[in-house]
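J.: with the sequence up front, the predicted model follows.
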Amino acid sequence: MEERYSASDFVVSAKVEFVKDSLTKGNYIMSADPTYWRQGGYNAVLKVGKVYKGDIDTDTIEIIPNWSNCSQYFKTGHTYIVFVYVNKKGEFTTNVCSGSFSTIQVDKCKAFQKIRKE
């Protein structure tokens, strides 16, 4: 987690306001779960609560997914620690392989607090 923290452009605590996913990405259906689209998605709009690393001049960010196996699924209304990267287009992106996690994951919250104290 420490390496991912260092490599990221920004690290924030943010709550998912809503998601902008369409039902499909190309011809690939993202989930067979019929409740999936009501619970969350990948193209999330987040309300930034706290900035741990970097300077963000906005309190709302949109995460642009890269549509890979590592794409971060965001549940609407949940809060996440997000390791944000800025891609070549200037868009905010992240994924589970980048270290982002939900704050309900107690073990990851403890590990995050530990690296914040070092």
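T.: Nice, thanks for sending it over. Numbering: from 1, shown residues only.

J.: where does this protein have low pLDDT?
T.: Low-confidence segments of the chain, defined by pLDDT under 70: 22-39, 118.

J.: what about the strands in it?
T.: Listed in chain order, the strands found in the chain under DSSP state E are 10-19, 24-25, 28-29, 40-41, 44-53, 60-62, 74-75, 79-86, 92-93, 101-102.

J.: buried sites along stretch 70-89?
T.: By 16 or more other Cβ atoms under 10 Å, the buried positions in stretch 70-89 come out as 71, 72, 73, 74, 79, 80, 81, 82, 83, 84, 85. The C-beta positions use only the backbone N, C-alpha and C, and glycine is treated the same way.

J.: got the residues you listed as TSV, with distance to residue 54 columns?
T.: Converted to TSV, those look like this (distance: Cβ to Cβ, whole Å):
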residue	distance to residue 54
71	22
72	18
73	23
74	20
79	18
80	16
81	13
82	11
83	10
84	8
85	10
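
J.: closest to residue 116 out of those?
T.: Lowest distance from residue 116 to the buried residues of stretch 70-89 (Cβ to Cβ) belongs to residue 81, with 10.1 Å.

J.: so what's the closest one up against?
T.: 11, 12, 13, 52, 100, 101, 103, 108, 109, 112 (Cβ atoms under 8 Å, 6 or more residues apart in numbering).

J.: and which of those is nearest residue 44?
T.: For the contacts of residue 81, the minimum distance to residue 44 (Cβ to Cβ) is 10.5 Å, reached by residue 100.
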